[in-house]
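1. 3D, please:
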Amino acid sequence: MSVASSRLHRLAAPRPEPAAEEVARCELCAEPIAPTHRHVVDVQARSLLCACRACTLLLGRMGAGGGHYRLVPERRLRLPAFKLDEAQWAALRLPVDLAFFFRSSSVDRIAAVYPGAVGATESQLELESWQDLEAANPILAELEDDVEALLVNRAGARREHYLVPIDDCYALTGVLRTHWRGLSGGTDVWREIDAFFDSLRERALEEGI
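-> Numbers count the residues shown, from 1 in each chain. Predicted coordinates:
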C-alpha cells in the first residue's frame with residue numbers, strides 16, 4: 001500500500017485561507033465561482049476540478065466531456081440493508097474502519113481508499129472480494145465510474161454504508177487530515193468525523209425511497 005499521489009487528493013489537503021482580494025475560479029474556464037459549487041473529475045489525470053455553473057450545465061449533458069471530464073453527481077443514498085459481514089470486511093484487507101470504493105475507468109479496476117492523518121491511501125483490492133460484495137449488493141453495479149463511491153463507516157460500533165459523490169469522500173479525508181493529532185487522532189477528529197456523518201445522514205435519501 002502507498003499514499004496515493006494523484007492530484008485527485010488535493011481536496012483532502014488543508015488549504016490556507018484565501019486573501020480578501022482573491023477570487024475562486026472555475027478550473028475549466030477560469031470564470032469566478034461561488035463558494036458552493038460543483039466538481040468535475042478529469043478521468044485521465046484522476047484529478048478533481050472546481051466548476052462554474054456554465055461548465056456544470058455543459059458537462060451535465062449526455063455525452064458531454066468526451067470521456068475526459070465527468071461531472072460529479074449529487075446523489076446520496078443511505079444503504080441500511082447493505083450486506084457486509086465481518087468475514088467479508090476482513091477479506092478486503094483494509095487496516096482501518098473508514099474507507100471508500102469507486103470504479104476507476106482510467107485503470108479499469110475498483111480502487112479502495114482509506115483516509116488518514118497523511119491523506120488518502122489507496123489499497124490494491126482483491127477483485128474476487130469486490131465481486132462477492134457486488135453479488136450480495138446489486139446497488140454497487142449502479143455506481144457511476146470515477147464519480148460515485150461506496151462509503152463505509154465501521155468505526156466503533158457503527159455499521160454505516162452510503163452511495164455518495166466522490167467529492168464527499170475527499171471532503172471526509174480533509175476532515176481527518178486537518179484534525180488528526182498524535183497516534184490515535186485525538187478527540188477533536190472523532191468529533192468532526194461524527195459531525196460529517198451526522199450531516200451526511202440528514203442529506204442522504206434511503207435506498208428505495
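2. Might you list the low-confidence residue ranges for this protein?
-> Counting by pLDDT under 70, the low-confidence segments of the chain come to 1-21, 208-209.
3. Could I get the contacting residues of the residue lying closest to Val23 once chain neighbours are set aside?
-> Nearest non-adjacent residue to Val23, counting by C-beta to C-beta, 6 or more residues apart in numbering: Pro32, 5.1 Å away. All C-beta atoms are positioned from the backbone trio N, CA, C, and that covers glycine. Pro32 makes contact with Val23, Ala24, Arg25, Cys26, Cys52, according to C-beta atoms under 8 Å, 6 or more residues apart in numbering.
4. Which residues does Pro32 form beta bridges with?
-> Beta-bridge pairing of Pro32 under DSSP bridges involves Arg25.
5. Distance of it relative to Thr56?
-> Going from Pro32 to Thr56 by C-beta to C-beta, to the nearest Å gives 14 Å.
6. can you pull the contacts of the closest residue to Gln44 other than its chain neighbours?
-> Nearest residue to Gln44, sequence neighbours excluded (C-beta to C-beta, 6+ apart): Ser106, at 5.7 Å. Each residue near Ser106 by C-beta under 8 Å, 6+ apart is listed here: Val43, Gln44, Arg46, Asp146.
7. Which of these has the largest number of neighbours?
-> Neighbour counts for these (other C-beta atoms under 10 Å) peak at Asp146, which has 21 neighbours.
8. Can you tell me how far that residue is from Glu122?
-> The value you get for Asp146 to Glu122, if C-beta to C-beta is used, is 14 Å.
9. What of Trp180?
-> 18 Å.
10. Next secondary structure after the lengthiest helix in the chain?
-> Longest helix in the chain by number of residues (criterion: DSSP state H): helix 186-203. Proceeding N to C from helix 186-203, the next assigned helix or strand is strand 205-206, under DSSP states H and E.
11. show me what contacts Val72?
-> Arg38, His39, Val40, Val41, Leu48, Val147, Pro165, Ile166, Asp167.
12. Which among the residues you listed count as buried?
-> Arg38, His39, Val40, Val41, Leu48, Val147, Pro165, Ile166, Asp167 (16 or more other C-beta atoms under 10 Å).
13. Need phi/psi at Cys50.
-> Main-chain torsions, Cys50, degrees, to the nearest 10: phi -80, psi 140.
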